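Visitor: Got a predicted structure plus its sequence, pasted below:
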Amino acid sequence: MAAPSVREPRQERSRATRRRLLAAAVRCLAEVGWSGSTVAVVAERAGVSRGAAQHHFRTREDLFTAAVRYVGEKRLDDIHRRAAALPEETSRVEAIVEMFADVYSGLEFRAALQMWAAAAHDPALRAHVVPLEEDIGREAHRAALDLLGADESGPGVRESVQATLDLVRGLGLANLLTDDRARRGRVVRQWARMLERELDAAR
């Protein structure tokens, strides 16, 4: 009868180690890029041995493919968490666009950008990154529709919502090298006014 109680703490420790490795991989990608992100560096940041890291992720590709999935889940979790705190008043469209712009300027997005750049020149990595990003894109689009109360069967609604997500990705990219918050705020406010007019017209 003692075996399950021994096994459960061991399994929980294993899950905790895996989470630490994935979180460290994301930070590593965001801070030092793909070329500087090795299993050894990630293991050191996570506070585990390289052997322990390789027990969970046999190769560098295994580690960072899992990190891509982890990044996507974190970005979606961030969207849902922030969405719960959005206002209900008339400024809601601007608040929604601003929320997406913040999500796409965060640590997880910076890490994702590094993976995209690496995948552009690595067919094996691209084969993992593309379908994951497609899944994340669909989930983000669905979340945006729900938050905006938009019906994408209306004329131009799908394109307007997709353009919003494309815009915030571009703003996140612009923020990669310099602090772009002031300009981003002006762009977000103007885009929100335009988006609100489009959605109202479609209704």
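Guide: Alright, I've got the coordinates.

Visitor: Skipping adjacent residues, who's closest to the residue at minimal distance from the centre of the chain in space?
Guide: Centroid-nearest residue in the chain: residue 75, 3.3 Å away (criterion: Cα atoms, centre = their mean). Of all residues not flanking residue 75 in the chain, residue 108 sits nearest, at 4.9 Å (Cβ to Cβ, 6 or more residues apart in numbering). Glycine gets a C-beta too; all of them are placed from N, C-alpha and C.

Visitor: From residue 16, how far out is that neighbour?
Guide: 20 Å (Cβ to Cβ, to the nearest Å).

Visitor: Those two: which has the busier surroundings?
Guide: residue 108 (23 against 10; other Cβ atoms under 10 Å).

Visitor: Which pLDDT value goes with the more buried one?
Guide: At residue 108, the model reports a pLDDT of 85.

Visitor: So it versus residue 165, what's the distance?
Guide: Distance from residue 108 to residue 165, by Cβ to Cβ: 15 Å.

Visitor: Can you get me a residue count around residue 44?
Guide: Using other Cβ under 10 Å: residue 44 sits among 15 other residues.

Visitor: scratch that, residue 173 is what I was asking about
Guide: Neighbours of residue 173 (other Cβ under 10 Å): 16.

Visitor: just residue 123 next, same as before
Guide: Neighbour tally, residue 123, other Cβ under 10 Å: 8.

Visitor: now do the one 4 residues further on
Guide: Using other Cβ under 10 Å, residue 127 is surrounded by 11 other residues.

Visitor: Looks like the residue nearest to the centre of the chain contacts residue 103 (just checking).
Guide: Yes: between residue 75 and residue 103 there is a contact at 6.1 Å, judged by Cβ atoms under 8 Å.

Visitor: anything in contact with each of the two?
Guide: residue 109 (Cβ atoms under 8 Å, 6 or more residues apart in numbering).
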